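**Q** what follows is a protein structure lacking sequence information:
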């Protein structure tokens, strides 16, 4: 019978169709690109760890103040005497040979212990405090240059001065009392220098041309 051929072909087509439908039902639909979740970014986020900072350097200690007081002694060549009075950041000095060379100088004391003092006629003194009891330096007075090392002195050693008028003459006196008891000074009468008479170390009393005067300690 010739009709069985087409019938078999039809049945085979139906079986293939059923097979395909069952395959789609079991496997499901392939997800589209829109349904795919984006993967997290792999870019590294900035570090939130605190940045290590270097602490500022601690301030250096301030320089120690220069010890106040009077420093007195002789020049290195033993020709003259030098006295320096220090108070706060100021200093007054007197350089004297006890005959006719003298100079009063003044100026500032720096934090590092250095001194730079000036006087009349271009006189100058530069020094440096060493430790707590010594000043070393050089004084330039007139045509002379005098290196010195002076030590801290105790009363009555020190620097003294007197100003007055005696018998119509202007009197100006300066004295350096050295630790050994020696006195070096110049007395000017109307600007004319001469060796100064000695003063009383305890009271500063001095007699000039029959009149008693008082020499007083010098401070800045």
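**A** Received, thanks. Worth saying up front: this structure is predicted, and the values here are computed from it rather than measured.

**Q** now do residue 132, the pLDDT please.
**A** Looking at residue 132, its pLDDT is 81.

**Q** what's the burial count for the closest residue to it other than its chain neighbours?
**A** Nearest non-adjacent residue to residue 132, counting by Cβ to Cβ, 6 or more residues apart in numbering: residue 67, 4.9 Å away. (C-beta placed from N, C-alpha, C; glycine too.) By the criterion of other Cβ atoms under 10 Å, residue 67 has 15 neighbours.

**Q** got a list of what residue 67 touches?
**A** 86, 129, 132-133, 152 (Cβ atoms under 8 Å, 6 or more residues apart in numbering).

**Q** just the buried residues of those.
**A** Neighbour counting by 16 or more other Cβ atoms under 10 Å classes 86, 129, 152 among these as buried.

**Q** secondary structure for the residues you listed - can I get that in TSV?
**A** Shown next, in TSV, are these (DSSP: H, G, I helix; E, B strand; the rest coil):
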residue	secondary structure
86	strand
129	strand
152	strand
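
**Q** helix, strand, or coil at the residue nearest to residue 132?
**A** Classification of residue 67 by three-state DSSP places it in coil.

**Q** which pLDDT value does the model give it?
**A** Per-residue confidence (pLDDT) for residue 67: 82.

**Q** ramachandran coordinates for it?
**A** With angles defined as degrees, to the nearest 10, residue 67 sits at phi -60, psi 130.

**Q** state the distance from it to residue 101.
**A** Residue 67 is 29 Å from residue 101, where distance means Cβ to Cβ, to the nearest Å.

**Q** quick one, phi/psi of the nearest residue to residue 120 once chain neighbours are set aside?
**A** Nearest residue to residue 120, sequence neighbours excluded (Cβ to Cβ, 6+ apart): residue 103, at 7.0 Å. Main-chain torsions, residue 103, degrees, to the nearest 10: phi -160, psi 130.

**Q** appreciated, that's everything.
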